[in-house]
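S.K.: Here's my sequence, what's the structure:
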Amino acid sequence: MKDLHYCENMKLVDAWYEHDEGCFILNLNRVATEIDLQENHYLEEVGQIIETIAIKVRYCPYCGKKVDGASTSLSPSFVHYDFSKW
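M.R.: Sure thing, here's the model as predicted:
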């Protein structure tokens, strides 16, 4: 898959872009740390995905540049998945 947008600050987090139905979607994962394992008995290992959020965007929140090909109109929306409470 071709990178739709990448900036240096994105490597600090587990983030990537997808293109779906004319919209660019920023996906972010939050992964478990040792502290998370101690506080939540549902989690099994460090690095396990705790939650994911997918947000429609036109501009990169890490560098401020407009994502190439992003539409000028956007219906703000997001999807949140919480995997910490099976």
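S.K.: For Cys63, which non-adjacent residue is closest in space?
M.R.: Cys7 (4.0 Å; CB to CB, 6 or more residues apart in numbering). No exception for glycine: its C-beta is placed from N, CA and C like everyone else's.
S.K.: Isn't the one you found up against Tyr62?
M.R.: Yes - assessed by CB atoms under 8 Å, Cys7 is found in contact with Tyr62 at 5.1 Å.
S.K.: quick one, which of those two is more surrounded?
M.R.: Legend: neighbour count by other CB atoms under 10 Å for Cys7 and Tyr62, higher for Tyr62 (17 against 13).
S.K.: my guess is that one meets Lys11, correct?
M.R.: No - between Tyr62 and Lys11 there is no contact under CB under 8 Å: 9.6 Å.
S.K.: shared neighbours of those two, anything?
M.R.: When CB atoms under 8 Å, 6 or more residues apart in numbering defines a contact, no residue borders Tyr62 and Lys11 alike.
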